[in-house]
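Participant: Take a look and give me a structure for this.
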Amino acid sequence: MRPEDAFGAFLRCKQIVVVGDPKQLPPTEFSTNRNDDDSWDEDESIDDEMAESVLESCQKSFGQVRQLKWHYRSRCESLIAFSNAEFYNNSLVTFPTARPDSFSVSLIRVEGV
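Facilitator: Presented below is the predicted three-dimensional model:
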């Protein structure tokens, strides 16, 4: 989320907890840089200060960071294995697949038309 989108909520609260992963993709301007005629603004540049996310802004301002420990979103451990090794130094706890050698998508044939 971009900081300007969260600013109003931050002003109304007494405490905040910002959760995210700096190794994931940041917010993009993909959907907001289009004209009404579906063409792109090629001259439009994004200011580096405005391009950061709420997570990056809070890390710079407050400095308190905790490392992500569990990966729970995919049901197939092999999907996160590369990222775990290359980006997280094998520090993520992943959950083994219930059925070894299976993937997140299964083909189940049923009788009928």
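Participant: Just want to check the distance between residue 74 and residue 86.
Facilitator: According to C-beta to C-beta, to the nearest Å, residue 74 and residue 86 sit 16 Å apart. Glycine gets a C-beta too; all of them are placed from N, C-alpha and C.
Participant: quick one: which of these two has more around it?
Facilitator: Taking neighbours as other C-beta atoms under 10 Å, residue 74 and residue 86 compare with residue 74 leading, 14 against 10.
Participant: Spatially nearest residue to the more buried one, not counting backbone neighbours?
Facilitator: Of all residues not flanking residue 74 in the chain, residue 80 sits nearest, at 5.8 Å (C-beta to C-beta, 6 or more residues apart in numbering).
Participant: Please look at that neighbour and residue 92 and confirm they touch.
Facilitator: Yes: counting by C-beta atoms under 8 Å, residue 80 touches residue 92, with 6.7 Å between them.
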